[in-house]
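Q: predicted model, plus sequence, below.
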Amino acid sequence: MDMATNIADWDWMNFFVSMLIVGIGVALLATGIFTSYFGAGKSQKIGFALLFFGIFDLIIIYLLTFDALEGIESIFDSELFTDALLSGVSALAGMIIGMFAILFVLMKVDTVDDLEDLDLEDLEDLDLDEELKKLEEELNQADNSKEEEE
Amino acid sequence: MMDIIISMGLTGVMLAMLGMGLLISYYGSSKTRNVGLVFLAIGIGLVYYITSVDDSAVHFGNAFIAFLGGMLGGIIGIVIFLVAIIKS
């Protein structure tokens, strides 16, 4: 893999800006579908607006990349745009696969600490009868104070 | 094309392993911490593999800023959605 780190040489326009606009479009589309389907009244109208802007955004980026209409000059290189889209989707898919692998391993591994690891010395010092009496006294005091108030 | 898919897919797995490995090894209990350290080791191994693969057709910087751009765009889109819902 070409690991060149000179930021000035990176193709920000074709890779970063194009994917930024696609990301906004996909997010608006997804939230628009969700809100227009599950929303009611005003929320549903906002959902339709978001859906419209999402579709509009994606159509614009398509027209600006693939020379679909005559008279509109393309801003992004179509081959580089495809590479950028593939890179973004692949990295996202890789992250999702990694997260699933981590969750699978965590669920399979016994993550509960053994009781042997617990420090039982504190528990041995406790006198349970004494603690119970203290608790009863506190409860009685609370009841008495309530009755006095009434 | 397959080079990009494989290398960026591995990059995504690497990011997940390093991020989650750090979190789990720091905040995890005694048993979970060991699992977190294993994830960290896998992540570091993937870093070594990705940087050492001799494939100059894939420009890591460009591919990574494409991924960052997509993520940032998604976040901006969701912020727009939240602003629209909250302001209505």
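A: Here it is on my side, so go on. All figures in this text were calculated on a predicted structure; none of them were measured in a lab. Residues are numbered from 1 along each chain as shown, chains lettered A, B, ... in the order given.
Q: what distance do you get for the most centrally placed residue in chain B to A:Gly32?
A: In chain B, the C-alpha nearest the mean C-alpha coordinate belongs to B:Leu15, at 2.9 Å (CA atoms, centre = their mean). Taking CB to CB, to the nearest Å as the criterion, B:Leu15 is separated from A:Gly32 by 29 Å. Every C-beta, even on glycine, is put in place using the N, C-alpha and C of the backbone.
Q: other SSEs contacting the longest helix along chain A?
A: Among the segments of chain A that qualify as a helix by DSSP state H, the longest is helix A:78-108. Helix A:78-108 is packed against helix A:18-38, helix A:42-66, helix B:2-27, helix B:30-52, helix B:60-87, with contacts defined by 3 or more CB pairs under 8 Å, 6 or more residues apart in numbering or on different chains; DSSP states H and E.
Q: out of these, nearest to A:Lys133?
A: Taking CB to CB, helix B:30-52 is the member of the helices and strands packed on helix A:78-108 nearest to A:Lys133, at 36.7 Å.
Q: the closest one vs chain A: in contact?
A: Yes. Applying CB under 8 Å from any CB of the partner chain, one finds that helix B:30-52 is in contact with chain A at B:30-32, B:35, B:39, B:50-51.
Q: scan those residues and report the most crowded one.
A: Neighbour counts for the residues of helix B:30-52 next to chain A (other CB atoms under 10 Å in any protein chain shown) peak at B:Phe39, which has 24 neighbours.
Q: show me the contacts for the closest residue to that residue other than its chain neighbours.
A: Among residues not flanking B:Phe39 along the chain, B:Gly21 sits closest, at 3.3 Å (CB to CB, 6 or more residues apart in numbering or on different chains). For B:Gly21, the contacting residues are B:36-43, by CB atoms under 8 Å, 6 or more residues apart in numbering or on different chains.
Q: if we can go back for a sec, mean pLDDT and distance to A:Asn140 added to the helices and strands packed on helix A:78-108, as TSV?
A: Conversion of the helices and strands packed on helix A:78-108 to TSV gives the following (pLDDT from 0 to 100; distance: least, CB to CB, whole Å):
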stretch	mean pLDDT	distance to A:Asn140
helix A:18-38	93	53
helix A:42-66	91	54
helix B:2-27	88	42
helix B:30-52	87	42
helix B:60-87	89	51
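Q: returning to what we had before: what subset of the contacts of B:Gly21 is buried?
A: Using 16 or more other CB atoms under 10 Å in any protein chain shown as the burial test, the contacts of B:Gly21 include B:36, B:38-40, B:42-43 as buried.
Q: how is chain B carved up into domains?
A: With domains defined by automatic domain parsing, chain B comprises B:1-57, B:59-88.
Q: can you put the ones you listed in CSV and add distance to A:Leu92?
A: As requested, these are exported to CSV (distance: least, CB to CB, whole Å):
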stretch, distance to A:Leu92
domain B:1-57, 6
domain B:59-88, 7
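Q: tell me which of these is the most buried.
A: domain B:59-88 (a mean of 19; mean count of other CB atoms under 10 Å in any protein chain shown).
Q: from B:Met14, how far out is A:Leu69?
A: From A:Leu69 to B:Met14 the distance is 41 Å (CB to CB).
Q: re the thing from before, please name whichever of the domains of chain B is nearest to A:Phe16.
A: Comparing the domains of chain B by their distance to A:Phe16 (CB to CB), the top pick is domain B:59-88, with 4.1 Å.
Q: anything in the closest one near chain A?
A: Yes. Against chain A, domain B:59-88 shows contacts by CB under 8 Å from any CB at B:59-78, B:80-81, B:84-85, B:88.
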